[in-house]
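Peer 1: attaching a predicted model along with its sequence, questions to come.
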Amino acid sequence: MEILGIFPSFDSEKFGGIQGSGRDAWRSVLGRFGEAGAKALFYTPGESKAMAVVSAMRTPHARRILVWHLQLAKLLPLIAKPESRVSVFLHGIEAWRRLDRLSRAALRRVHVFLSNSDFTWSKFVESNPEFAATAHQTVHLGLGSSIGLQACPQCTAVLMVGRLRRTENYKGHREMIAAWPLVLRQIPFAELWIAGDGDLRPDLETLARKLRLQDHVRIHGHISELEKQRLIERCRCLALPSAGEGFGLVYLEAMRIGRPCLVSTLDAGREVVNPPEAGLAVNPAAPHEIAAAVARLLSPGPEWQQWSERARSRYAAHFTREHFERRLLAAIAD
């Protein structure tokens, strides 16, 4: 067999955007090697470890192995042969901490690390310096095909999209709400739309009530893909000033139709948006900085139009699914 892919289950919600990029990755692998030369193993988070071990041990030998999530690399000692070329994809915050001894031992079988951003790789090496000399390639993700520019909406709304979990309380939701009274001083009718749900939602709703922002902050809860696309089309810009974003596929969803983005100075959002090309970057701990940037992004005029046009152009030039597939296939076939 030419290549074996090891992926988290595409039906699970635990891995978020990693599922979508995994589906695209597997599609490109099948297109390159065909069903006769490619096989995939899919693991659901929390499933029986014994079942995973048995499945791994029954896997036929493959010349190449692609592991799509760091947690699944622990299966490598059961699968990888000495002559197998192993690639492991690093997606973000799960790779930014010191790994346990078992994981580090398994990763010694890796020939090349792939990462969704230069930032993710630098954070991984910072926490696990023994892998700094291992070969590495950055493979920026991609999303769909290019779409024409959507006209500037009449509303003054900023959209945030993402899971609202206390374990992921680094994406900037709390900071955006805290800065909104300052935004309203400059844009009195500005609205903050938050799409997503989870155990962090009650805390955000309490904060909005405390700041008397009920008429300006709307938490939509869980929404469908279609509803998400409609909100992106209706908003003036997307915001995710996160302190721990490994890439951020939602930036691409916004840039794809010409919506500029507000990102953080602290993570990989800058690699995607390249401020001030397709938006702005702020320190999420600085509310006045957030407010000033939001006011600029909400104001119609030549500056917004330039951001809009450059956002779509940057997406079309770097971040379509076709770009991603070419980068990935080149990396695993090297």
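Peer 2: Perfect, I can see it now. Numbers count the residues shown, from 1 in each chain.

Peer 1: show me where this protein has helices.
Peer 2: 17-37, 49-57, 76-79, 101-107, 118-127, 173-186, 201-210, 225-234, 249-255, 269-273, 287-298, 302-318, 321-333 (DSSP state H).

Peer 1: quick one, the first one and helix 321-333 angle?
Peer 2: The reference is to helix 17-37. 60 degrees (axes from the mean of the first three to the mean of the last three C-alpha atoms, to 10 degrees).

Peer 1: of all the helices of the chain, which lies closest to Tyr43?
Peer 2: For Tyr43, the closest of the helices of the chain is helix 49-57, at 5.6 Å, according to C-beta to C-beta. For the C-beta atoms, the positions are set from N, CA and C on the backbone; glycine is no exception.

Peer 1: mean confidence score for the closest one?
Peer 2: For helix 49-57, mean pLDDT is 56.

Peer 1: what's the answer for stretch 280-295, then?
Peer 2: pLDDT averaged over stretch 280-295 gives 97.

Peer 1: now it: buried residues?
Peer 2: Across stretch 280-295, burial judged by 16 or more other C-beta atoms under 10 Å covers 280-282, 284, 287, 289-295.

Peer 1: returning to what we had before: least confident of the helices of the chain, on average?
Peer 2: What stands lowest among those, in mean pLDDT terms, is helix 49-57, with a mean of 56.

Peer 1: right, and the helices of the chain - which one's nearest His216?
Peer 2: Closest approach to His216 among these (C-beta to C-beta): helix 173-186, 6.2 Å.

Peer 1: in that closest one, which residues are buried?
Peer 2: 173, 175-180, 182-184.

Peer 1: over to stretch 61-68?
Peer 2: For stretch 61-68, burial by neighbour count (16+ other C-beta under 10 Å) applies to 62, 64-68.

Peer 1: quick check, nearest of those to Leu99?
Peer 2: The closest of these to Leu99 turns out to be Val67 (C-beta to C-beta; 13.6 Å).

Peer 1: which ones are touching that closest one?
Peer 2: Residues in contact with Val67, defined by C-beta atoms under 8 Å, 6 or more residues apart in numbering, are 6, 73, 75-76, 86-89.

Peer 1: now with 7 Å, please.
Peer 2: 6, 73, 76, 88-89 (C-beta atoms under 7 Å, 6 or more residues apart in numbering).

Peer 1: need the max-distance pair from those residues.
Peer 2: Using C-beta to C-beta, the contacts of Val67 reach their maximum pairwise distance at Leu76 and Phe89, which is 13.2 Å.

Peer 1: neighbour-wise, which of those two wins?
Peer 2: Using other C-beta atoms under 10 Å as the criterion, Leu76 and Phe89 rank with Phe89 on top: 27 against 22.

Peer 1: the more buried one - nearest residue in space that isn't next to it in sequence?
Peer 2: Spatial nearest neighbour of Phe89, chain neighbours left out: Leu114 (4.7 Å); criterion: C-beta to C-beta, 6 or more residues apart in numbering.

Peer 1: again with Gly144
Peer 2: Arg321 (5.6 Å).

Peer 1: count of neighbours near that neighbour?
Peer 2: Arg321: 18 surrounding residues under other C-beta under 10 Å.

Peer 1: ok, Arg256 next?
Peer 2: When neighbours are defined as other C-beta under 10 Å, Arg256 has 24 of them.

Peer 1: was I right to think it contacts Gln150?
Peer 2: No. At 9.3 Å, Arg256 does not count as touching Gln150 under the criterion of C-beta atoms under 7 Å.

Peer 1: my read: the residue nearest to Gly144 touches Leu143, true?
Peer 2: Yes. Taking contacts as C-beta under 7 Å, Arg321 lies within contact range of Leu143: 6.2 Å.
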